[in-house]
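In: need coordinates for the below:
(2 chains)
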Amino acid sequence: MSKDINKNNLNKKLAPLIEFFNEFKKDKTGVVGLCILVLAIFVSLFEPLILTYKEAPKRWRDITYWQDNPASAPPEWLNFFSREKSAITTDIKPISVETNYIDSQAVYKAVFEYDYKFDKSPVDLIFHANVDNSSALVWNVTRPDGEVITLSDSLHNIKGDLRISAFNDSKNRIFRFYRESVPRMLARQIDTLTTNPMKILFNTKKDDMAKNFLALKGIYKFEVTANFSDANSSFENPYMVLVGSMSGIMGTDNMKRDIFSGLISGLKWALFIGIATSFISVIIGVMYGIVSAYFGGFVDSFMQFVYQIFIGIPVLPVMIVMSAIFKPTIWTMISMMIFFSWTGSVMTVRSMAMQLKEETYIEAARTIGASHFRIIFNHLAPLLLPFSFASMALAVPSAIVYESSLSLLGLGDATIVTWGQILHDAMKGSAVLSGLWWWIIPPGILIAILGMSFAFLGFALDKILHPKLKSR
Amino acid sequence: MFTYFVIKRILKGIIMFVILMFMSSAIFNTVSEKTLKAQIEENINAEVRGLSNMRTEDVENFIKERRAYYYDIYWLNRSIGERIFIRAINTITFQFGKSTIMMDSNGNRDVIKIIGEALPRSIILFTTASIIQMIIGLIIGLVKARKAGGLFDRTTSIITMIVYGMPTWWLSMILIMIFVYKFNLFPSGGVHSIPTPEGIMYYLDMLWHMALPMLTLTSIGFWGLSFVVRNIVLSTLQEDYIMAARARGISEKSVLLGHTLRSSAPPIVTITLLGLLGSIAGSIIFEGIFSWPGLGNLYWISVQQNDIPVLMGNLAITTALYQFGLVVLDISYGFLDPRIKVGGKM
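Out: Okay, here's the model as predicted:
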């Protein structure tokens, strides 16, 4: 029996909510907004699964983390539209790693294979391994045409990450290969300062190979042999990176960072900043309006005076001056935004509360002896808060834009990645001038889309809560 | 009654300005003193370098003497309350002193001159843009209200919402990339070409420089206004006297333009003026991107160069302008809406 009653009660309580949702469903733009919002929340929840560079949020400003990427490379899907295919950045895993111990010496041998199918030359070829102890390392490549080039042959004494870049470290060896493969007359023509060694390494063998590039497609075999003098050495996790001239879903910036990873890790901050700021500031504004209207008299005029002061402050300049001086973290930035933007909903709530407090049941509550606290929180706030949902949603975009405006000026929190900071870096890296559109358009579009979805939501809520404006 | 209201409102605006300046003076006092002290030490060092044939004790004494002298000039030897008070009074009377780094085009370091040079440029750009925005917004808003719920109304409303969260400065970056660097149609920034042309070309050159910022501002700005105009006009259209006017057979056009618009004017004017005020204060990044040498660009540069006097002076002027705008707003509101004139209570 009691269960039924409970269920009935629950249904009764949920009824207005269901009705509200049914009403909401009729507004198509509102539904679109809600969908985008839910999608955004999912993306930021499953961020580690989506990120192409897992440590991007933590090591966004760590240059070494990004060193294997090409700089200012366009997104790789552009290949789809161009006739000549550019190389795409790929990791190459070894097909076999052998370990031999000969006379207290350790010999490790890793073999890689890569099928090169692109029309343009790559930017770099990088070998990586985690080593401990000193070793003599030889890195050979067998080209599809059978030529063998030793890319690197040197002693290393490193504990940790060993990185050999063919572009930097194998220049001379590659040029030697060139001189040996063309007639003696042409061998001197090469300009070792301006010629890109990658354009020789991946070029078809012909007389004018220094000038004209015709990609030699096929399987390249790489062989790395590491000779350690000590058996107590280690050679772990060898891999190679073919650095293409296109990279990632959204390209890279001039610091070689993957923009897609930056955008994804910026999403949660945009959501958090927007929602936290608007939620708290609207709650404060609503409570301020209610208290001001409820007590009236001296309290009301004092609170109105404070309110007047706050709306007289030009917010953005003051925030910029304050952040320029105090170099805030994201938390102080959010508090600052709340501090300046709670004023938005005060006046409407105040006028609504003025009417409500004259209702008989409030008077009745007061005569019974209910405390002011109880009346405000139990009787006034629950009636007035729903009306502020729309303004909450509508306040989110401006909070996001404010944060990105501050970040654009370089006043953001440097320990996190936000869209505004990506745009700031784009401004500083003169992306506008060099037309690196993949660095400017996506962050702005994301700001706009997130703002748009909240606007859709806000206007839909507004229509339901203030039905007068629906139509004539 | 109206004069009383106006005087009261102006006094209130002045009091607000004074309070705000006291607050910012208290906040920024320590910072401006830090830069000031660094500047004084630099001056003293320069003076010491000019000296010769002095013993170390003498040099130390000299430094102490000079420091005391400068501290006395800049009131650094007074109590903190006194300093805040003096700085606030200086700011309120528009005595901002000299900048630490920046100069105006004549090499002048007075903050007031630097700001005086930038202010008109900001006003030219933003007022023109606001006027254009207002006209377009009003027309579109009226058309929307006339056929509320129709195709035009719905599509423009959706565009309004799409534009709602779009940062203006981002659009300007895109437009600069397209129109300046791709098609070479407009200059990338500034008010004038170098060398500055003379005669009629001077103004044409300025217009050419203004075109892109104006295009950006107006292409985003009018959407919100048209949405608000639509809602205000729509709620006026539901009033009984409009119904009566329609019943009397007055044409739809004169109902809309004569009856409705007249009584919808006060809130529309408010919103337009508030938008104008907001654009002057919030133009910092926009002007920075177009390197339009107005007030906003001044903020941008002074933030980057850490020039506190210019920053403070700029803040004071912006606050003053903002308060002035709010006063004008209230007064014009009272002027447009007779009910407020009589009531007097705001």
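
In: show me what contacts B:A118?
Out: B:293-295, B:297-298 (Cβ atoms under 8 Å, 6 or more residues apart in numbering or on different chains). The C-beta positions use only the backbone N, C-alpha and C, and glycine is treated the same way.

In: neighbour-wise, which one of those residues leads?
Out: Among these, the one with the most neighbours (other Cβ atoms under 10 Å in any protein chain shown) is B:L298, at 29 neighbours.

In: so who does the residue in chain A that chain B sits nearest to touch?
Out: Distance from chain B to each residue of chain A (Cβ to the nearest Cβ) is smallest for A:G451, at 1.1 Å. A:G451 makes contact with A:396-397, A:400-401, B:164-166, according to Cβ under 8 Å, 6+ apart.

In: just the ones of those in helices?
Out: Per DSSP state H, helices hold the following members of the contacts of A:G451: A:396-397, A:400-401, B:164.

In: please, which helix or strand holds the residue of chain A closest to chain B?
Out: Per DSSP states H and E: A:G451 is located in helix A:437-465.

In: can you name the two of the ones in helices among the contacts of A:G451 that are farthest apart?
Out: Pairwise distances across those (Cβ to Cβ) peak at 11.2 Å, for the pair A:I400 and B:Y164.

In: give me the more crowded residue out of the two.
Out: Neighbour comparison, A:I400 and B:Y164: the larger count goes to A:I400, with 29 against 24 (by other Cβ under 10 Å).

In: which residue comes closest to the more buried one once chain neighbours are left out?
Out: A:G274 (4.4 Å; Cβ to Cβ, 6 or more residues apart in numbering or on different chains).

In: just to be sure, that neighbour is in a helix?
Out: Yes. Under DSSP: H, G, I helix; E, B strand; the rest coil, A:G274 falls within a helix.

In: quick one: the strands in the stretch 51-200 of chain A, in order.
Out: Under the criterion DSSP state E, counting those that start in this stretch, the stretch 51-200 of chain A contains strands at A:90-92, A:96-102, A:105-116, A:124-132, A:134-142, A:148-157, A:160-165.

In: ends of stretch B:193-203, how far apart?
Out: 11 Å (Cα to Cα, to the nearest Å).

In: one step back: just to check, the residue nearest to A:I400 is in contact with A:P397?
Out: Yes. Using Cβ atoms under 8 Å, A:G274 makes contact with A:P397 at a distance of 7.0 Å.

In: which neighbours do these two share?
Out: Shared contacts of A:G274 and A:P397, defined by Cβ under 8 Å, 6+ apart, comprise A:450, A:454.

In: ok, then the element right after the host helix or strand of A:G289?
Out: A:G289 belongs to helix A:259-295 when assigned by DSSP H and E. Using DSSP H and E, the helix or strand that follows helix A:259-295 in sequence is helix A:297-311.

In: just give me the neighbour total for the closest residue in space to B:L234 that isn't next to it in sequence.
Out: Once flanking residues are discounted, B:L234 sits nearest to B:A145: 4.9 Å by Cβ to Cβ, 6+ apart. The local packing of B:A145 (other Cβ under 10 Å) involves 23 other residues.

In: show me the contacts for A:L51.
Out: Contacts of A:L51 by Cβ under 8 Å, 6+ apart are A:57, A:261, A:264-265.

In: which one among the residues you listed sits at the bottom for pLDDT?
Out: For those, the model is least confident at A:P57; its pLDDT is 88.

In: settle this for me: it is touching A:T418, isn't it.
Out: No. A:P57 is not in contact with A:T418 according to Cβ under 8 Å; the separation is 10.7 Å.

In: these two: which has the busier surroundings?
Out: A:T418 (28 against 20).

In: ok, that one - contacts?
Out: Counted by Cβ under 8 Å, 6+ apart, A:T418 has contacts A:266, A:269-270, A:273, A:403-404, A:407, A:412.

In: next one: the residue in chain A sticking out farthest from the centre from A:K171, what distance?
Out: Most distant residue from the mean C-alpha position of chain A: A:T367, 56.6 Å away (Cα atoms, centre = their mean). Here A:T367 is placed at a distance of 92 Å from A:K171 (Cβ to Cβ, to the nearest Å).

In: I'd like to know how many residues surround the residue in the stretch 101-250 of chain B positioned nearest to chain A.
Out: The minimum distance from the stretch 101-250 of chain B to chain A, using Cβ to the nearest Cβ, falls at B:G165 (1.1 Å). Applying other Cβ under 10 Å, we find 22 residues neighbouring B:G165.

In: that one and A:F24: what is the separation?
Out: From B:G165 to A:F24 the distance is 20 Å (Cβ to Cβ).

In: ok, A:S181 next?
Out: Using Cβ to Cβ, we find A:S181 at a distance of 71 Å from A:F24.

In: what does B:S24 give?
Out: 44 Å.

In: low-confidence ranges, the chain, go.
Out: Looking at chain A here, since you left the chain open. Within chain A, the set of residues satisfying pLDDT under 70 comprises A:1-7, A:466-472.

In: sorry, should have said chain B
Out: Ranges of chain B meeting pLDDT under 70: B:30, B:281-282, B:337-346.

In: okay, the ones in helices among the contacts of A:G451 in CSV with distance to A:P442 next?
Out: Listed next are the ones in helices among the contacts of A:G451 as CSV, based on distance: Cβ to Cβ, whole Å:
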residue, distance to A:P442
A:V396, 20
A:P397, 17
A:I400, 15
A:V401, 16
B:Y164, 19
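
In: and which of these is nearest to A:I284?
Out: A:V396 (15.6 Å).

In: so what's the closest one up against?
Out: Going by Cβ under 8 Å, 6+ apart, the list of residues near A:V396 reads A:274-275, A:277-278, A:450-451, A:454, A:458, B:165.

In: of all the residues you listed, which two lie farthest apart?
Out: A:T277 and A:G458 (14.6 Å).

In: now the contacts of A:L51 in a markdown table, with distance to B:S264?
Out: Below are these laid out as a markdown table (distance: Cβ to Cβ, whole Å):
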| residue | distance to B:S264 |
| --- | --- |
| A:P57 | 49 |
| A:S261 | 50 |
| A:I264 | 46 |
| A:S265 | 46 |
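
In: just give me the closest of these to A:K109.
Out: Proximity to A:K109 was ranked across these by Cβ to Cβ; first place goes to A:S261, at 33.8 Å.

In: tell me the contacts of the closest one?
Out: Going by Cβ under 8 Å, 6+ apart, the list of residues near A:S261 reads A:51-53, A:56-57, A:248.

In: can you rerun that using 6 Å?
Out: For A:S261, the contacting residues are A:51-53, A:56, by Cβ atoms under 6 Å, 6 or more residues apart in numbering or on different chains.

In: what sits closest to the residue of chain A closest to chain B if chain neighbours are left out?
Out: Leaving out its chain neighbours, the residue that sits closest to A:G451 by Cβ to Cβ, 6+ apart is B:G165, at 1.1 Å.

In: one step back: between all of the contacts of A:G451, which two are separated the most?
Out: Pairwise distances across the contacts of A:G451 peak at 13.7 Å for A:V396 and B:M166 (criterion: Cβ to Cβ).

In: residues from the stretch 101-250 of chain B in reach of chain A?
Out: Taking Cβ under 6 Å from any Cβ of the partner chain as the contact definition, the stretch 101-250 of chain B meets chain A at B:148-149, B:161-162, B:164-167, B:170, B:173, B:176-177, B:231.

In: can you lay out the residues you listed as CSV showing distance to B:I114?
Out: Shown next, in CSV, are those (distance: Cβ to Cβ, whole Å):
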residue, distance to B:I114
B:A148, 49
B:G149, 52
B:M161, 40
B:I162, 39
B:Y164, 35
B:G165, 34
B:M166, 32
B:P167, 27
B:W170, 29
B:M173, 27
B:I176, 26
B:M177, 31
B:N231, 42
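
In: give the closest residue to the residue nearest the centre of chain B in space, chain neighbours not counted.
Out: What sits nearest the mean C-alpha location of chain B, by Cα atoms, centre = their mean, is B:I280, with 2.2 Å. Nearest residue to B:I280 in three dimensions, chain neighbours excluded: B:F126, at 5.7 Å (Cβ to Cβ, 6+ apart).
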